[in-house]
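**Q** for reference, the sequence and a predicted model appear below.
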Amino acid sequence: MSAVPAPKGGACHGVRHVAIIMDGNGRWAKKRHLPRALGHQRGVEAVRRVVRAAGEMGLEAITLYAFSTENWRRPEDEISALMGLLKRFILSDLDEIAGNNVRLKIIGDHSAFAPDVVGLIENALARTAGNTGMALAIALNYGSQDEIARAAAKAAAKGPITPEAISAELDTADLPPLDLLIRTSGEVRLSNFLLWQAAYAEMQFTDVLWPDFGPEQLEDALAEFATRERRFGGR
Ligand code: IPE
Ligand code: IPE
Ligand code: MG
């Protein structure tokens, strides 16, 4: 992975920040008569491929929806399988992430997780904090409504509540503006992800299930983004 950003119009097509709702692990497993947990495991492999590709393409930031504030409604065994995969991912991939100059970031409130998970996350954050390459933001116990409420409370404590003041307190405040939001698995909804940040983001919904997503699908998404005309309300 190169630390030098690709030129505008290069592999990243001028996209700075992509976010992905990584959906469809369960359906991927079901189609193959496999346990859901295996779908999640293959989902982690897709994360690894996509993060590598995003760095190589010169993206400044990629934000991945891994666990929502609503995902606590799932059965306990599925939640613990997801936590196990998160722990294993950090243990197996932190060296590569850190070595590629990637700065890890968590959006959402990860303090709600078990102490061992929190410890691994805090260590990974500290280890990559000084990195200057791509930001890898993982949304954990993240819900956009919760994020906006927290940001509004912080803004109110400092002064008038304005859009700028709220933006400055969002978990994503230090990331570039969101250019492109992708959701896999055919669902066409945001499921409480980046509601504020998506105000002028381009959106793409693909039927590909997350475990089948890879560099090729990311490249296609960026190429399709390049054909869009963004207006931001102007003309
Ligand atoms: C996405 O896959 C991963 C998480 C929400 C953690 P799902 O588990 O939602 O898969 P489907 O939507 O049931 O296929
Ligand atoms: C959104 O997917 C959350 C993540 C991908 C982490 P869900 O599968 O939880 O969303 P819904 O319930 O189908 O809207
Ligand atoms: Mg789902």
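**A** Great, that's in hand. Ligands and ions are numbered 1, 2, ... in the order given.

**Q** ok, which stretches of the protein are helices?
**A** 25-31, 36-57, 76-99, 115-128, 144-158, 163-167, 215-226 (DSSP state H).

**Q** let's have these in JSON lines, adding mean neighbour count and mean pLDDT.
**A** Any C-beta I mention is one placed from the backbone N, CA and C, and that applies to glycine too. Converted to JSON lines, the helices of the chain look like this (neighbours: other Cβ atoms under 10 Å; pLDDT from 0 to 100):
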{"stretch": "helix 25-31", "mean neighbour count": "19", "mean pLDDT": "98"}
{"stretch": "helix 36-57", "mean neighbour count": "20", "mean pLDDT": "98"}
{"stretch": "helix 76-99", "mean neighbour count": "15", "mean pLDDT": "98"}
{"stretch": "helix 115-128", "mean neighbour count": "15", "mean pLDDT": "98"}
{"stretch": "helix 144-158", "mean neighbour count": "16", "mean pLDDT": "98"}
{"stretch": "helix 163-167", "mean neighbour count": "14", "mean pLDDT": "98"}
{"stretch": "helix 215-226", "mean neighbour count": "17", "mean pLDDT": "98"}
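
**Q** Q217 touches V208, doesn't it?
**A** Yes - the pair Q217 and V208 passes the contact test of Cβ atoms under 8 Å, sitting 5.7 Å apart.

**Q** now T69, nearest residue through space, not along the chain?
**A** G143 (3.3 Å; Cβ to Cβ, 6 or more residues apart in numbering).

**Q** which one of the helices of the chain lies nearest to I106?
**A** helix 115-128 (6.2 Å; Cβ to Cβ).

**Q** the closest one packs against which elements?
**A** Applying 3 or more Cβ pairs under 8 Å, 6 or more residues apart in numbering; DSSP states H and E, we find helix 115-128 packed against helix 76-99, strand 103-107.

**Q** make CSV out of these and add distance to ligand 2.
**A** Output for the helices and strands packed on helix 115-128, formatted as CSV (distance: least, Cβ to the nearest ligand atom, whole Å):
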stretch, distance to ligand 2
helix 76-99, 9
strand 103-107, 12
